[in-house]
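next one to model:
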Amino acid sequence: MCTVVPFRALRPASAAASRVAAVPYDVVNADEARRLAAGNPLSFLHASRAEIDLPPGTNPYSDAVYARACENFQLLQSQAPMTLEAEPSLYAYRLVMGGHVQTGVAACFSLDEYDRDVIRKHERTRRDKEDDRTRHILELRAQTGPVFLTYPVSADIDRIVGRVTAAPATFDFVADDGIQHTVWRVPADLTPTLIAAFDRIPALYIADGHHRAASAARVRDQLRSTRGAGEWDTFLAVAFPDNQMNVLPYNRVVRDLASHSEESLLTALRKRVDVSDGPPSPVRQGQVSMFLGGRWYTIDLGEAPAELSADDRLDVSRLQALVLAPLLGIGDVRSDKRIDFVGGARGTRELESLVNSGNAAVAFSMYPVSVADLMRISDAGGIMPPKSTWFEPKLRDGLLSHVIE
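The predicted structure is shown next:
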């Protein structure tokens, strides 16, 4: 059963929320973060990506970056200003992107349940990224980036959230990317009922934020060994029902064609899979669109062999096995510098631009993985390939932080 824990949120004043709220630290590089925060001293990127306030080229893992993060975090608290709520609460968090609406519950969740796979994972994490967010949490004494969870839809939770969201909101603004963010504080009289409804949910699933969750667990281990139980036994997250999730593809670009010309790559491909002229986006699972030499092609991967595991049956896995590894020499996609990944929110025009500009030689547009596939693989203890899913819209950092003093 799933435990949700009310927490004392550190939050900005409502009037400043839109200026404080920032994209997750890990969806932008330092240059992009610097541009987004330019002219806005309240942007939470000054705390989550503090290297933007140091000379370009500064090592993002240097002592100076974490020191500046702490300084900026304190400045934000005084300048926004930010307030630590007197009483622990739960929150409803709604995201609206065009016609898509999803409403989740922001709370703290049990790291012991994370350890026991009541909160299930589908990705491996990288040690350097874990090290970074572990130190960031320890230095700031706060979890500032919520993990993105999903759960099997519950009529009970939907009903309670509907009552919460009928009241005036704590925050309500449209970000510069057009996405509306609305947050409500759950009234004290509804909180026990909402906690009980989550207690009937069999499992939660990490959709996005594996490194944040893993880092919170490492912080818990360090602090529990010397200080016992505390706020560090839980981690900050927003949990959304699975029927409201919006999954976009995570596309691939490769910098060169290895030993192939465009013509020889097409010839080699046609010996392995069906290739035809096609649209920029595949129309079904089992198809991949490829942009090569100024044209779009459809690669039909065919039926997945029945003996393959659920994770090996994914289109990204089959593309790797049938095309990227044998024809383009792409080995471990976690470390191979010749491959890069483009979130589906950027669209297929971004893929065309990368190839036409010479920054990539070929691009692959994927069909999105379903939430059902994610849950099925997580339930089986499987690991999805890196960069398999892109969830949109994204939560914003800085609206609700979890202090762990």
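
how far away is the spatially most central residue of the chain from Leu269?
Nearest to the geometric centre of the chain sits Asp208, at 3.4 Å (C-alpha atoms, centre = their mean). Relative to Leu269, Asp208 is positioned 32 Å away (C-beta to C-beta, to the nearest Å). C-beta here means a position set from N, CA and C on the backbone, and glycine is covered the same way.

and the helices in this structure?
Secondary structure of the chain (DSSP state H): helices located at 17-20, 30-37, 45-48, 63-79, 111-115, 127-140, 155-164, 191-199, 210-227, 262-270, 315-319, 325-328, 347-356, 371-379.

adding distance to Arg8, mean neighbour count and mean pLDDT as columns, could you present these in TSV?
Formatted as TSV, the helices of the chain follow (distance: least, C-beta to C-beta, whole Å; neighbours: other C-beta atoms under 10 Å; pLDDT from 0 to 100):
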stretch	distance to Arg8	mean neighbour count	mean pLDDT
helix 17-20	18	20	98
helix 30-37	27	16	96
helix 45-48	18	27	98
helix 63-79	14	17	98
helix 111-115	18	17	98
helix 127-140	15	18	96
helix 155-164	18	16	98
helix 191-199	13	17	98
helix 210-227	17	19	96
helix 262-270	57	15	97
helix 315-319	40	22	96
helix 325-328	49	17	96
helix 347-356	40	17	97
helix 371-379	31	20	94
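
quick check: which of those helices is nearest to Gly99?
Evaluated over these, closeness to Gly99 peaks at helix 347-356, with 17.2 Å, by C-beta to C-beta.

export that closest one to CSV, keeping only CA atoms.
This file holds the C-alpha atoms of helix 347-356, laid out as CSV (Å, rounded to 0.1, in the frame of the first residue of the first chain):
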residue,chain,number,x,y,z
GLY,A,347,9.0,18.1,-32.7
THR,A,348,10.3,16.5,-35.9
ARG,A,349,11.3,19.9,-37.3
GLU,A,350,14.1,19.9,-34.7
LEU,A,351,15.3,16.5,-36.1
GLU,A,352,15.3,17.9,-39.7
SER,A,353,17.2,21.0,-38.5
LEU,A,354,19.9,18.9,-36.8
VAL,A,355,20.4,16.8,-40.0
ASN,A,356,20.2,19.7,-42.5
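
surely Met384 and Val369 touch.
Yes: taking C-beta atoms under 8 Å as the definition, Met384 is a contact partner of Val369 at 7.5 Å.

care to break this protein down by domain?
Using automatic domain parsing, the domain ranges for the chain come out as 4-15+82-246+392-403, 250-367.

what's the most buried one of the ones you listed?
Comparing these by mean neighbour count (mean count of other C-beta atoms under 10 Å), domain 4-15+82-246+392-403 ranks first with a mean of 19.

okay, how far is it across that one, tip to tip?
16 Å (C-alpha to C-alpha, to the nearest Å).

thinking again about what came up before, nearest to Glu71, of the domains of the chain?
domain 4-15+82-246+392-403 (10.3 Å).

and the closest one, how far out from the chain middle?
Here domain 4-15+82-246+392-403 is found 12 Å from its chain centre; the criterion is C-alpha atoms, centre = their mean, to the nearest Å.

pLDDT wise, what is the closest residue to Arg313 other than its chain neighbours at?
Once flanking residues are discounted, Arg313 sits nearest to Ala304: 4.3 Å by C-beta to C-beta, 6 or more residues apart in numbering. Ala304 carries a pLDDT value of 89.

if I look at Ala304, how far off is Ala107?
On the measure of C-beta to C-beta, Ala304 and Ala107 end up 38 Å apart.

same question, Arg141
19 Å.

Ile383 now?
27 Å.

one more: Cys70?
26 Å.

what do you get for Leu223?
Between Leu223 and Ala107 the distance is 20 Å, computed by C-beta to C-beta.

same question, Val219
Relative to Ala107, and taking C-beta to C-beta, Val219 is found at 18 Å.

now Lys129
Taking C-beta to C-beta, one finds Lys129 at 24 Å from Ala107.

contacts only, for the residue lying closest to Arg218 once chain neighbours are set aside.
Once flanking residues are discounted, Arg218 sits nearest to Thr134: 4.6 Å by C-beta to C-beta, 6+ apart. Contact analysis of Thr134 by C-beta atoms under 8 Å, 6 or more residues apart in numbering lists 215, 218-219.

biggest strand in this structure by residues?
In the chain, taking DSSP state E as the definition, the longest strand is strand 100-110.

what pairs with that strand, parallel or antiparallel?
Sheet pairing of strand 100-110 (DSSP bridges) gives strand 4-5 (antiparallel), strand 91-97 (antiparallel), strand 234-241 (antiparallel).

closest one to Val153 among the ones you listed?
Closest approach to Val153 among those (C-beta to C-beta): strand 234-241, 4.1 Å.

relative to helix 191-199, how tilted is the closest one?
Interaxial angle, strand 234-241 versus helix 191-199 (axes from the mean of the first three to the mean of the last three C-alpha atoms, to 10 degrees): 80 degrees.

what about strand 234-241, average pLDDT?
Mean predicted lDDT for strand 234-241 stands at 98.

using PDB, list the CA coordinates for it.
In PDB, the C-alpha atoms belonging to strand 234-241 read as follows (Å, rounded to 0.1, in the frame of the first residue of the first chain):
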ATOM      1  CA  THR A 234      10.500  10.800   2.600                       C
ATOM      2  CA  PHE A 235      10.900  12.400  -0.800                       C
ATOM      3  CA  LEU A 236       9.000  15.100  -2.600                       C
ATOM      4  CA  ALA A 237       6.800  14.100  -5.600                       C
ATOM      5  CA  VAL A 238       3.700  14.700  -7.500                       C
ATOM      6  CA  ALA A 239       1.600  11.600  -8.300                       C
ATOM      7  CA  PHE A 240      -0.800  11.600 -11.300                       C
ATOM      8  CA  PRO A 241      -3.400   9.000 -12.400                       C
END
